[in-house]
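# output the structure for:
(chains A, B, C and D)
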There are 4 protein chains.
Amino acid sequence: MARGAGTARIEWAAGQMPVLRSIAARFSEARPLEGVRVGACLHVTAETACLARALSAGGASVNLAAANPMTTQDEVAEALSENDGIEVLGRRGEGFEEFSAHVATLASSSPQVTLDDGADLVVSLHARPSGPGDLLGALEETTTGLVRVRRLAAEGSLRCPVLAVNEARCERAFNDRHGTGQSALDGILRATNVLLAGQTLVVLGYGQTGRGIAARARGAGAAVVVCEVDPLSALEARMDGYEVMPARRAAERGDVFVTVTGSRGVLRREHFERMKDGAVLANAGHFDVEIDLDDLAALAESVHEVRPLVEAYDVGGRRLHLLARGRVVNLAAAEGHPAAVMDVSFALQALCVEDLVRHAGEREPGVHPVPAEIDHEVARLKLTALGVEIDALTPAQRDYLDTWA
Amino acid sequence: MARGAGTARIEWAAGQMPVLRSIAARFSEARPLEGVRVGACLHVTAETACLARALSAGGASVNLAAANPMTTQDEVAEALSENDGIEVLGRRGEGFEEFSAHVATLASSSPQVTLDDGADLVVSLHARPSGPGDLLGALEETTTGLVRVRRLAAEGSLRCPVLAVNEARCERAFNDRHGTGQSALDGILRATNVLLAGQTLVVLGYGQTGRGIAARARGAGAAVVVCEVDPLSALEARMDGYEVMPARRAAERGDVFVTVTGSRGVLRREHFERMKDGAVLANAGHFDVEIDLDDLAALAESVHEVRPLVEAYDVGGRRLHLLARGRVVNLAAAEGHPAAVMDVSFALQALCVEDLVRHAGEREPGVHPVPAEIDHEVARLKLTALGVEIDALTPAQRDYLDTWA
Amino acid sequence: MARGAGTARIEWAAGQMPVLRSIAARFSEARPLEGVRVGACLHVTAETACLARALSAGGASVNLAAANPMTTQDEVAEALSENDGIEVLGRRGEGFEEFSAHVATLASSSPQVTLDDGADLVVSLHARPSGPGDLLGALEETTTGLVRVRRLAAEGSLRCPVLAVNEARCERAFNDRHGTGQSALDGILRATNVLLAGQTLVVLGYGQTGRGIAARARGAGAAVVVCEVDPLSALEARMDGYEVMPARRAAERGDVFVTVTGSRGVLRREHFERMKDGAVLANAGHFDVEIDLDDLAALAESVHEVRPLVEAYDVGGRRLHLLARGRVVNLAAAEGHPAAVMDVSFALQALCVEDLVRHAGEREPGVHPVPAEIDHEVARLKLTALGVEIDALTPAQRDYLDTWA
Amino acid sequence: MARGAGTARIEWAAGQMPVLRSIAARFSEARPLEGVRVGACLHVTAETACLARALSAGGASVNLAAANPMTTQDEVAEALSENDGIEVLGRRGEGFEEFSAHVATLASSSPQVTLDDGADLVVSLHARPSGPGDLLGALEETTTGLVRVRRLAAEGSLRCPVLAVNEARCERAFNDRHGTGQSALDGILRATNVLLAGQTLVVLGYGQTGRGIAARARGAGAAVVVCEVDPLSALEARMDGYEVMPARRAAERGDVFVTVTGSRGVLRREHFERMKDGAVLANAGHFDVEIDLDDLAALAESVHEVRPLVEAYDVGGRRLHLLARGRVVNLAAAEGHPAAVMDVSFALQALCVEDLVRHAGEREPGVHPVPAEIDHEVARLKLTALGVEIDALTPAQRDYLDTWA
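Next up, the predicted model:
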């Protein structure tokens, strides 16, 4: 029997998400979310479908709107509706107006817990004349969203606790270093098929993502150069054995450049002017502002696409190859985070929803860290999924350590 | 002005092939192949187009037939014809009959030097009642082709020297370890988007390709297990820090399996029976015989495609994911060798054609190694292309070493 | 002219401590410690001599007592006295009584700033009937010392600010991961001369030291197994590509074991019983309690020294090799931290002394972190010493980041 | 009961040499060397004692002379005499005259098989008026020795087969890459206690030893630069991700330099003139000619020892630190090859002695490679000792591969 494409995608994702699966199994027994209204404004992907199902298995009624019409997988939305009775507001390619309408619809359903990828839903709920209503608490997954929520809090307008999912230790260990670390290089290879061995790869920014990219590029035979503005991170890069130098100097050395700073104009005119013929420019950090596209366009005598997602800028007899117009290369040229990364993120979210419900009314309004026990629980479930067992402290050790603390 | 897709592909490839480019530049000055008839039966790709152009720049008249209708890039064939006057016999998707006719046509043009990817042309020339005619020498790029040529030689029928391009040290250093090493993992990621970090990757075979895959997988955060039948290779793997164990035991441990042995039935019933749910099976070695597809089909209760190039075999409640039906994953799921790898291969070929012409009549019929000077020259040109300078022996050092030898 | 052994040692250390040297150079110009009485109870080594000289160059009068008679280098003490007029209380091999007397003498000199390696001096000052007198502030270098100081603070008895030097980010980056990471393996090699390649090395504890040891052991060709009790650290180890398993299972696999947990009884009877003949046991963590020596002695039929610092315990027909009687192997069998590590530690200390003097009276009594600017300044000086330049944020970038925060 | 120091050393070595132990066990059963006279001119170490015992266990009568009075361990010689009745000619510190006398004595005992570390015994036997007598065959362990033997062969004077032990694949895999790779860095750390992390380590020569050092230094956090004169090796280094550059340029970058070329004057005036203050110079290649000591002495204004085995050369205001006077640093400053490396070497030797006896008279005079089966057998025994099992080809695979060959 033929299954729909959406169903197949969800099944594949579910297969890669054993942590969330084990939580869903417990939820469907214990029903900790019985009758809770959850509103989620997230990227509509197969992995998100698995999260929605897990919450639903826990007893929640889930309403879902697409956080970004560019990333919406329509066949997944259809499968969710058909198989699980979860309606998804929003389809691929819609405009801003429809998006706003969907968020408003979601807000009007008076969710008790919200899940956001940019704070749109929780901000919208707070902006209602009637205020956030029954809202017990909210989850936020992005740095940008947290900035918005913290601004609300600073103004004294925030009315509920918000858990900062993307600041959880588990999330940090997976998303940036491993998720983006792998998928950024994956995107570069898919776009260009360059051989990394023998090349010099310049990583601009030695945060967790930069570390993940640097380690993988070295494993692939590239000579890695790191550029940093923070002396401690620069020193750590150097102690890890990488060459560290200013970007102007690195510009002359690099074959492939990856920006992962979270800042803007990291590669700009002064760097483009020094680069070698054939240099490849990719951004895996933050929107499309890390590589200064205006500077690049101003320098170029002509531009043309040489492969899908690769544009050649002719600059003084040299060709600079910009990937995905400077947009985040792991999303634009590869598939973004592997499902195993989303497994950890969404496991955190599922347990945080449960925690917000269980401790309703106990937390002050404001941004709170994910409780350490949830972080540990997800790590423990993930180890189990990987088939890894670990030790526990003996009573004697626990005594000894208590004496010290 | 809009350029054709074929022209764009060739330009991109040329940009990635600085070694061949520098040889072409010298050839177009020195014209060492003036009037030489070259017949080539090769995969028709953008990189091959660059080789054909280089030979043409050296003065040769080049006739080209497609070695494999599945890999023929028609737009490249058209661009070669339009821009360079090099006619290509064969288009994508043709059958065996057309292929044979093209080889025969090529043979009837009485080439003086042949280039083969499987010995089809050189064997066909020897099979003519009139024999190989003006043939000065031949190049062969594959292990399979060399087996055929050596059989001819053993029978006493070989009439010309054949240079074993794929046994050149330069080729070995690039093709297997780096070319397939990178593209095999690339193919696995494109097909599955699995997160390698935290997974156990089992490499079956610790030859050059296995070493390249193992090093990269480790760099990507995988725990690597090696299976081998040769005790010396097994010991080398162990001394490189990998776990080494029999395949039956590894079958229980692995999340991702890659066969790179050159043998058959490397993964078979006894292994499938022990594998974990969700295991991924890829072959980067040799045709589609390394993973025993009959055993797998016999075990499976059902099979269905879960992603493009990924089929799930349901085996006793577990799902085994076969990639690309067991065909070579770096070709089937990624783009095969990066152009930088073909640059080295085709630079060797171009210099070997020149050498066969220059030393016409000097070599005995038989399979000969690529001359060491050509190997060194290609390495030197590649270093120059990478911007790397090296030292030379001083006269005093040369004396010292001569005394020792 | 023959120089004394102490002078030679100090010169060598000074050569390895460019950061402290550059601070000393500035101090001798600016004299920021003019007339300040500094009391230091530290290990008397060549590196400590360089710190004492730097403080002295800044104008301080320095009194120094040996924190541990086992580590005192008498020739260094003599050179300090002869060349720099800095008297050192304590000589190698003295007993506890002399040690106490020296601390009391130091306390009676009414230091304004103290430097401690275990809080002996600062605690002693607080215990005086007259209290800590002119004490402006204190520095503490060890975890143990901080436990003591924090207990004082909890009791409300602490009278001055204490900077927690060993919790500075710079210190963490150097000391554990790189300093102990290198010197622990160094100690194991010096004691045993085992070939790490091909061996299985078990690291118990995946903190910074464990990570440093694991990375180096892998680079040396060992297969690395990690044991942990913390699920997040365990998961990080696994995502870094190491095998993770309970210590009982690892006991059967390992050839070399290194404990780095900060806990006790990490290797005990149940592990010794499972170990292979020839296993090597080393501790690089915490005193001599990580390997349970009582359990080991109880199991052993006999014990004898087989090499200096290596004792063979005969246990059921197998031999377990204990290094340095379970004491910290990098100190006992190698030379402890390389001078480059002490350079960073002591640069932090020198700048912290300056900071305590400059901000005298501004901080509350209690344990304070090292100011971030000092951390950054040391990183910056270290990069300069390594010849590494880095970028600075442009004004536009600073604006952009401010907008976000 | 107190055991002698020699006995303790031999016991420790035996514990590290499981391969040789397993061969000795078989020998003592099968007695394949019954009555064979073996003459050995080797370094007298605890490992050599284990080899002598193994041959003796096989039934041979073994006579042993010290190949080098500097490396003779007298206590080992005494233990061999006392416990095993094997007399050793030569004691530590003897002169050339005594050495020659010992070799002559050994020669006069008419050995049937010789073991050499420099060909002294086999050359001496051939130089006798009566010729080599009953000599069935010889083993040679060094490159230098093979040069001498091949010269004999070229002159037509060689009268027996000589097996080139140090060219065996097993030996190559262990000795250079792993044995010297580890012990060279070990020697540098013991001599200087420098922190490798953050430093630039320059490897001059990218043969097996250079590769072993480079991989380990990278694992220890050093940035590695490679210098080479061979373009293929240089290219391999670059494809492994190292920076490659001429030695003059590397001279300005390096903190630690290691020569491993087998040539002379690799570091010389032009390099010393460019080095940074504090640079460390070590040789792990070939005698003391790789670093040009005359050039260094001529440049230096003064020289003095700053630590044992470390001399500071004052050159134009900078200090260059020469280790072990340019002698091979792994022998001079560390303990040379770990016993696990000698285990493989001496296992090869033991099996080669057996093979020479079994196939007496079958081989032509000349230098022969170690038979592949012996190489495989040693690898197999070593894997067993490491507890590693591997697969065997199935009959179907064997057929398949035979079809190809």
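# test my guess that residue A:86 contacts residue A:80.
Yes: in this structure residue A:86 lies within contact range of residue A:80 using Cβ atoms under 8 Å: 4.5 Å. For every residue, glycine as well, the C-beta is placed using N, CA and C.
# the most centrally placed residue in chain A and residue A:190, how far apart?
If you average the C-alpha coordinates of chain A and look for the closest C-alpha using Cα atoms, centre = their mean, you land on residue A:175, 6.2 Å from that point. The spacing between residue A:175 and residue A:190, counted by Cβ to Cβ, to the nearest Å, is 20 Å.
# name the nearest residue to residue A:43, sequence neighbours excluded.
residue A:71 (4.5 Å; Cβ to Cβ, 6 or more residues apart in numbering or on different chains).
# again with residue A:315
Across the structure, with Cβ to Cβ, 6+ apart as the measure, the residue nearest residue A:315 apart from its sequence neighbours is residue A:299 (4.9 Å).
# in chain A, which residue sits nearest chain B?
Closest contact between chain A and chain B, by Cβ to the nearest Cβ, is at residue A:219 (1.1 Å).
# and that residue, what's its pLDDT?
The confidence metric pLDDT takes the value 97 at residue A:219.
# for it, phi and psi?
In this entry, residue A:219 is assigned phi and psi values of phi -60, psi -30 (degrees, to the nearest 10).
# does it touch residue B:214 like I think?
No: with contact defined as Cβ under 8 Å, residue A:219 does not reach residue B:214; the gap is 9.9 Å.
# neighbour count winner among these two?
With neighbours defined as other Cβ atoms under 10 Å in any protein chain shown, residue A:219 and residue B:214 compare such that residue B:214 has more, 26 against 23.
# give the contact list for the more buried one.
B:201, B:203, B:206, B:224, B:226, B:237, B:240, B:242 (Cβ atoms under 8 Å, 6 or more residues apart in numbering or on different chains).
# can you tell me how far residue A:278 is from residue D:23?
Remark: distance between residue A:278 and residue D:23 (Cβ to Cβ) = 56 Å.
# more neighbours: which of the two?
residue D:23 (27 against 17).
# just to revisit the earlier point, what sits closest to the residue nearest to the centre of chain A if chain neighbours are left out?
For residue A:175, the nearest residue in space outside its immediate sequence neighbours is residue A:341; the separation is 5.9 Å by Cβ to Cβ, 6+ apart.
# same check on residue A:232?
Once chain neighbours are set aside, the closest to residue A:232 by Cβ to Cβ, 6+ apart is residue C:379, at 4.6 Å.
# flag the shaky bits of chain A, pLDDT-wise.
For chain A, residues meeting the criterion pLDDT under 70 lie at A:1-3, A:404-405.
# what's the domain layout of it?
Split into domains by automatic domain parsing, chain A comes to A:5-167+A:359-385, A:177-332.
# how long is the longest one end to end?
So that's domain A:5-167+A:359-385. 26 Å (Cα to Cα, to the nearest Å).
# all helices for the stretch 251-400 of chain A, in order.
Counting by DSSP state H, counting those that start in this stretch, one finds helices in the stretch 251-400 of chain A at the ranges A:269-272, A:293-299, A:329-332, A:339-358, A:372-385, A:395-404.
# what comes up buried for the first one?
Right, the one you point to is helix A:269-272. Using 16 or more other Cβ atoms under 10 Å in any protein chain shown as the test for burial, helix A:269-272 gives A:271-272.
# packing partners for it?
If you count contacts as 3 or more Cβ pairs under 8 Å, 6 or more residues apart in numbering or on different chains; DSSP states H and E, helix A:269-272 packs onto helix A:247-253, helix A:293-299.
# which other residues reach the last one?
For helix A:293-299, contacts defined as Cβ under 8 Å, 6+ apart pick out A:265, A:268-269, A:272-273, A:303, A:313, A:315-316, A:320, A:322, A:325-326.
# may I ask which two of those residues are separated the most?
Taking every pair in the contacts of helix A:293-299 and measuring Cβ to Cβ, the maximum separation is 21.3 Å, between A:316 and A:325.
# quick one: contacts for residue A:302?
Under the criterion of Cβ under 8 Å, 6+ apart, the contact partners of residue A:302 comprise A:313-314.
# what about 10 Å?
With contacts defined as Cβ atoms under 10 Å, 6 or more residues apart in numbering or on different chains, the neighbours of residue A:302 are A:312-315.
# what strand or helix carries residue A:184?
Assigned by DSSP states H and E, residue A:184 belongs to helix A:181-192.
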